[in-house]
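In: mind looking at a prediction? Sequence and model below.
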Amino acid sequence: MENSNRIKALIVDDSPLVRDVLFDILSGDPEIEVVGSAADPFDAVKLIQKCIPDVITLDIEMPRMDGITFLRKIMRQHPIPVIVISSHTSGNQQLALKAFENGALYVLNKPETEDRKSFEEYTSRFREVVKMAAKHSSLQKKNLKIMQFHSDDQIYSNLKRYSAFIKQDPSVIAIGASAGGTIAIQTILTTIKGTPPPIVITQHMPAGFTKEFAKRLNELSSLNVIESQGGEYLVPGGVYIAPGDKHLAIKSSYGKLKTLVYEGELVNHHRPSVEILFSSVSQCCSHNTLAFLLTGMGRDGAHGLLKIKNNGGITFAQDKNSSLVYGMPAEAMRLGAAYSDIPLDHIGPLITSFANLDN
């Protein structure tokens, strides 16, 4: 591969050791070229002025200028895909959520080199995420927090069309998301009224971050949102989020639906994987399922969504206009895995229509 065709990556981290490890990982892939390594955002700006990278990896706790401030500046001046590389301390968990809000595509933990298998998995995942992010190097960032394309009258008018697909009330609602998903999921859950069927969610996030994510959603919404530990029976009004670095599935147990959490291998370079969740749903309760594949890079979950549809479930993919990254939903539409695409601001009201309360 010619040098000019390689993905140009810039590493920004105040730790020389982390910079060296990330450099070695990325440089070991023939499709990626590390064009610079910076100890802080000020050095990074100088490097960007010389060569605009396709992807930036960014620490969020650094001297002179914190990573969130730098991220905001980058999104205003050069909407370059940013992958946050962070330790999962309590403070960093909150900063990571802020990073998503300010345009970061993905968050990964800092690499740990002690365990060979874990490091090999990390290497594979990191390289793949960089490659997927590079495909969106010309992406115009969207502020999903304020995105509102339709009036209330338009939404409820369109709900009649979406509801026509659904022959009976769902017993479970399954949601999968990646880049842009934290804000999309927050938008959905905070607009649901009443007590909906149980909701199971896989959002691509690393270990240590999903607990804070679930806690925040629990505070912002009227639903009971938890990071699943496995073994919970699904109940109406409950929301069960896959823990970082573990797969979430559901199974039937004595006539009830129950969560299953386990490590397992990476699937589509991800753990948790949407494919795992959707495939488990297709096996135990497809005909009573309402499933949504939201914004995200790559194709994780698209084939699982097709399985749900083929087994009698009702499936939707988030539409292009409201997706931060139209990767996973686009693949679902290409496969014919969704009955329809759907704007983000329609999903909460659609789920509300199945709540067990008069609204």
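Out: Nice, I can see it.
In: now the helices for the stretch 151-300 of the chain?
Out: Counting by DSSP state H, counting those that start in this stretch, the stretch 151-300 of the chain forms helices over residues 152-163, 181-189, 210-220, 274-284, given from the N-terminal end onward.
In: nearest to residue 348, of the ones you listed?
Out: helix 181-189 (4.8 Å; CB to CB). Quick note: C-beta positions are derived from backbone N, CA and C, even for glycine.
In: any chance of the helices of the stretch 151-300 of the chain in JSON lines, with mean neighbour count, mean pLDDT and distance to residue 44 too?
Out: JSON lines is the format used below for those (neighbours: other CB atoms under 10 Å; pLDDT from 0 to 100; distance: least, CB to CB, whole Å):
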{"stretch": "helix 152-163", "mean neighbour count": "13", "mean pLDDT": "79", "distance to residue 44": "42"}
{"stretch": "helix 181-189", "mean neighbour count": "24", "mean pLDDT": "95", "distance to residue 44": "24"}
{"stretch": "helix 210-220", "mean neighbour count": "18", "mean pLDDT": "95", "distance to residue 44": "26"}
{"stretch": "helix 274-284", "mean neighbour count": "25", "mean pLDDT": "96", "distance to residue 44": "32"}
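In: how much space between the nearest residue to residue 227 once chain neighbours are set aside and residue 15?
Out: Excluding its sequence neighbours, the residue lying closest to residue 227 (CB to CB, 6 or more residues apart in numbering) is residue 214, at 4.2 Å. Note on residue 214: its distance to residue 15, by CB to CB, to the nearest Å, is 29 Å.
In: now swap in residue 54 and tell me
Out: Following CB to CB, the distance that separates residue 54 from residue 15 is 23 Å.
In: when these two are compared, which one has more neighbours?
Out: Legend: neighbour count by other CB atoms under 10 Å for residue 54 and residue 15, higher for residue 54 (22 against 15).
In: coming back round to it: touching, the residue nearest to residue 227 and residue 229? I think so.
Out: No. Under the criterion of CB atoms under 8 Å, residue 214 makes no contact with residue 229, lying 10.8 Å away.
In: could you give the number of residues near residue 348?
Out: Should you count by other CB under 10 Å, residue 348 turns out to have 18 residues around it.
In: I'd assumed residue 190 was in contact with it.
Out: Yes. If you go by CB under 8 Å, residue 348 and residue 190 touch, sitting 7.4 Å apart.
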